[in-house]
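A.B. asks: My questions concern the predicted model and sequence given below.
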Amino acid sequence: MKKHVVLYKKLSAQLMDRLQAQAQVTLIERLDAPGLAQLRDALPSAHALLGASLKLDASLLDLAPNLEAIASVSVGVDNYDIDYLTERRILLTNTPDVLTETTADTGFALILATARRVVELANLVRAGGWQQSIGPRHFGSDVHGKTLGIVGMGRIGEALAQRGHFGFGMPVLYHSHSPKPAVEQRFGARYCDLDTLLQQADFICLTLPLTAETKGLIDARAFAQMRPESIFINISRGKVVDETAMIDALRHGQIRGAGLDVFEREPLDPDSPLLQMDNVVATPHMGSATHETREAMARCAVENLLAALAGERPANLVNPGAWTL
Ligand SMILES: NC(=O)c1ccc[n+]([C@@H]2O[C@H](COP(=O)([O-])OP(=O)(O)OC[C@H]3O[C@@H](n4cnc5c(N)ncnc54)[C@H](O)[C@@H]3O)[C@@H](O)[C@H]2O)c1
Ligand SMILES: O=C(O)[C@H](O)CO
């Protein structure tokens, strides 16, 4: 008998065919109230789940006694209680690598958009406010040659360093769990502690995961280390930052601007003070959101899931402790 897979993310026709050839599939189209009710109904018979953007904690997982695997369509795994999954021997997989370059592109888009005031000035043109040559009041700041600070030198951090070093001639400072000699050699990057990075970098870019250790890492004390010309970029997770402290820092000119793809609460409240600030570029958690990359992520998740259901070790296993063969 085919195993039961519950999807809470729509797949392309090709991937859906591939999955349906191996499994009985229930698709939950939207995670709204009726969709969540449908999910609760499907969980008791589910052997595997595939999706993203849903906090899957014990209260939901306890409804799924037969669950063997969860394939997350994301690299970040902060939506899952990994210890609990491991205790229950439920395999968790993610989708690293396939989204690295696209997410780094988003990071650079935010760097350029904030430094050169792209959104603000495009809005000015759209509103008919371009009546004469713009003057210093509307000038931005250079990106090339400025110091790029990367907090969390993993896959995406490295892809950002590559762009900064080779594309924009930027000296690279980084802070991570440990120094990476290969990164230093390739990109001329310099390892430093977090405070030094916050004090010296022109662009402070977060590319680390949300964990118990990183939650609230960038707080009022951290913003106080930055300079009035610093630009803060977050493409990791909103909860790594104390958003109230960031808003204060922006309000009081402690930093020049911020490019933000992620927020404490998503979707961002339309009344957020961040949306009233010309020096903030806010995007809707779109780091990996291109047609090509989202399809590659979905394909990766399907492969992981089918491997798990076939009793094979999936390529992107997050909790090896759950692997018992
Ligand atoms: N905005 C988006 O759409 C988007 C897209 C993809 C990934 N992300 C986020 O980016 C994160 C990073 O992805 P990745 O593939 O580069 O992961 P990765 O594991 O390759 O890199 C993360 C790096 O952060 C470092 N790190 C972790 N905790 C740290 C700490 N306390 N102090 C210093 N360094 C620390 C790790 O050592 C690692 O080098 C993901 O976990 C996800 O949350 C966001
Ligand atoms: O972690 C990830 O993969 C991104 O945030 C997309 O959800």
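C.D. replies: Here it is on my side, so go on. Residues are numbered from 1 along each chain as shown. Ligands and ions are numbered 1, 2, ... in the order given.

A.B. asks: Would you mind listing the outside residues contacting stretch 140-151?
C.D. replies: 111-112, 115-117, 157, 160-161, 164-165, 168-176, 189, 194, 197-198, 200-208, 229, 231, 256 (CB atoms under 8 Å, 6 or more residues apart in numbering). Every C-beta, even on glycine, is put in place using the N, C-alpha and C of the backbone.

A.B. asks: hang on, isn't Arg190 packed against Val172?
C.D. replies: Yes. Arg190 lies in contact with Val172 (CB atoms under 8 Å); the separation is 7.0 Å.

A.B. asks: Name the residue in these two with the higher neighbour count.
C.D. replies: Val172 (24 against 15; other CB atoms under 10 Å).

A.B. asks: Give me the nearest residue to that one, chain neighbours excluded.
C.D. replies: Ranked by CB to CB, 6 or more residues apart in numbering and with sequence neighbours excluded, the top spatial neighbour of Val172 is Ala189, at 4.0 Å.

A.B. asks: What of Val25?
C.D. replies: Spatially, and ignoring its direct neighbours in sequence, Val25 is nearest to Val5 (5.2 Å; CB to CB, 6+ apart).

A.B. asks: Looks to me like that neighbour is in a strand.
C.D. replies: Yes. Val5: assigned to a strand according to DSSP: H, G, I helix; E, B strand; the rest coil.

A.B. asks: Check it and give its pLDDT.
C.D. replies: On the pLDDT scale, Val5 is placed at 98.

A.B. asks: How about the residues of the stretch 51-200 of the chain by ligand 2?
C.D. replies: Within the stretch 51-200 of the chain, the positions lying close to ligand 2 (CB under 6 Å from any ligand atom) are 52, 74-76, 99.

A.B. asks: Try it again at 8 Å.
C.D. replies: Within the stretch 51-200 of the chain, the residues that sit near ligand 2 (CB under 8 Å from any ligand atom) are 52-53, 72-77, 94-95, 99, 103.

A.B. asks: Quick one, which of the residues you listed are buried?
C.D. replies: 52, 72-77, 94-95, 99, 103 (16 or more other CB atoms under 10 Å).

A.B. asks: Out of those, which comes closest to ligand 1?
C.D. replies: Compare each of those with ligand 1 using CB to the nearest ligand atom and the shortest gap goes to Gly76, at 3.1 Å.

A.B. asks: That closest one sits in which helix or strand?
C.D. replies: Using DSSP states H and E, Gly76 is not contained in any helix or strand.

A.B. asks: so what's it scoring on pLDDT?
C.D. replies: Note on Gly76: pLDDT of 98.

A.B. asks: Repeat that for the one 4 residues further on.
C.D. replies: What the model reports as pLDDT for Tyr80 is 96.
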